[in-house]
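Asker: Here is a sequence with its predicted model. Questions after.
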Amino acid sequence: MNYYFITGSSRGIGAAIANELLKDEYNYIIGFSRTNLIKHERFEHISFDLRDLDSVKNYRFINIFDAKSITLVNNSGMLGNIRHLGEIDNQSIIDVFNVNTIAPFLLMNNFIRDYKNFKGNKLIVNISSGAGRHPIESWSGYCASKSALDMLSEVANLEQKKLNRNPVKVLSIAPGIVDTQMQSEIRGVDKVDFGQVETFIKYKEENTLASTEVTAKKLVEILKNADKYAKTTMDIRELEI
């Protein structure tokens, strides 16, 4: 059996990944989210708010005795206030980094420690963003937190490659521009706060947003064939899948 831990499994890309994986009878999914809509015999929901770092840091991954592979997908993301520096609510800054960087960091640390003696395939996939590699006005928290997630992935993969024992493969993948609730939030921002809002409105109007289902299919293909990818940080739009 292949086991997958997925954060943000209640909607968007996370839910789509879970549903795609559940098509294979040899996959079992543990979803972390505040709410849940998935009902399946091979899906387990764990109520989790990634902003609550005490809960995240104390989480321990379960002992699994029948696993062929174990994968952690840090999918949850939070855009926060879309405003210029000086206009951002400070709590929003804290929440964005907690969800986008600190919580994945803690889960990666616990995953690597808890499964250090596991002999099967081990994989961590962080869902990053092109915004972590290219600055976007009014997205300072999101850009910086996703950039930090990329670097965390690079360091973790570097460390794991140096181990004599069975290492964890680490990937950080930008999924492209996907039709999620986050995109809806962006389109609702006043132009005063975000000068590029019209561009994002056009993405929707011109039907250029990728669907969560198509994106999930591509991501699952990467999960299934992770060993063929040499780079740690990738953009799904640049891959032949």
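Answerer: Noted; the coordinates are in hand. Numbers count the residues shown, from 1 in each chain.
Asker: The spatially most central residue of the chain and residue 83, how far apart?
Answerer: Relative to the mean C-alpha position of the chain, the nearest C-alpha, by Cα atoms, centre = their mean, is the one of residue 75, at 2.0 Å. According to Cβ to Cβ, to the nearest Å, residue 75 stands 25 Å off from residue 83. In short, each C-beta sits where N, CA and C put it, glycine included.
Asker: Relative to its centre, which residue of this structure is most distant?
Answerer: Outermost in the chain, Cα atoms, centre = their mean: residue 192 at 29.6 Å.
Asker: can you pull out the helices in the protein?
Answerer: 12-21, 53-57, 90-97, 103-114, 140-161, 181-187, 197-205, 212-224 (DSSP state H).
Asker: Name the residues that touch the second one?
Answerer: Pointing back at helix 53-57 there. Contact with helix 53-57 is made by 48, 49, 50, 98, 102, 103, 106, 107, 110, as judged by Cβ atoms under 8 Å, 6 or more residues apart in numbering.
Asker: biggest separation within those, which pair?
Answerer: Pairwise distances across those peak at 16.6 Å for 49 and 110 (criterion: Cβ to Cβ).
Asker: where does the protein have low pLDDT?
Answerer: For the chain, no stretch has pLDDT under 70.
Asker: one step back: filter the contacts of helix 53-57 down to the buried ones.
Answerer: Buried members of these, scored by 16 or more other Cβ atoms under 10 Å, are 48, 50, 98, 102, 103, 106, 107, 110.
Asker: I'd like the distance between the fourth one and residue 148.
Answerer: Looking back up the chat, that one is residue 102. 9 Å.
Asker: Can you report phi and psi for the residue nearest to the centre of the chain?
Answerer: Main-chain dihedrals, residue 75, degrees, to the nearest 10: phi -100, psi -30.
Asker: Could you pull up the residues touching it?
Answerer: Contacts for residue 75 (Cβ under 8 Å, 6+ apart) come out as 6, 7, 8, 9, 13, 14, 17, 127.
Asker: quick one: residue 156 and residue 176, what's the gap?
Answerer: Residue 156 is 23 Å from residue 176, where distance means Cβ to Cβ.
Asker: ditto for residue 236
Answerer: 5 Å.
Asker: out of the two, which sits in the busier spot?
Answerer: For residue 236 versus residue 176, neighbours defined as other Cβ atoms under 10 Å are more numerous around residue 236 (19 against 16).
Asker: and the more buried one, what is it in contact with?
Answerer: By Cβ under 8 Å, 6+ apart, the residues touching residue 236 are 173, 174, 175, 176, 215, 218, 219, 222.
Asker: Now for those residues: which two are most distant?
Answerer: Using Cβ to Cβ for every pair in these, the one that comes out farthest apart is 176 and 222, at 12.9 Å.
Asker: residues contacting residue 196?
Answerer: Residue 196 touches 136, 137, 138, counting by Cβ under 8 Å, 6+ apart.
Asker: follow-up on the earlier one: now for residue 236 and residue 176: what residues contact both?
Answerer: Common neighbours of residue 236 and residue 176 (Cβ under 8 Å, 6+ apart) are residue 215.
Asker: okay, how far is it across stretch 72-91, tip to tip?
Answerer: This stretch, stretch 72-91, spans 27 Å end to end (Cα to Cα, to the nearest Å).
Asker: Would you pull up how far it lies from the middle of the chain?
Answerer: Chain-centre distance of stretch 72-91: 14 Å, with Cα atoms, centre = their mean, to the nearest Å.
Asker: Buried ones in that stretch, by neighbour count?
Answerer: By neighbour count on 16+ other Cβ under 10 Å, the buried set for stretch 72-91 is 72-83, 88.
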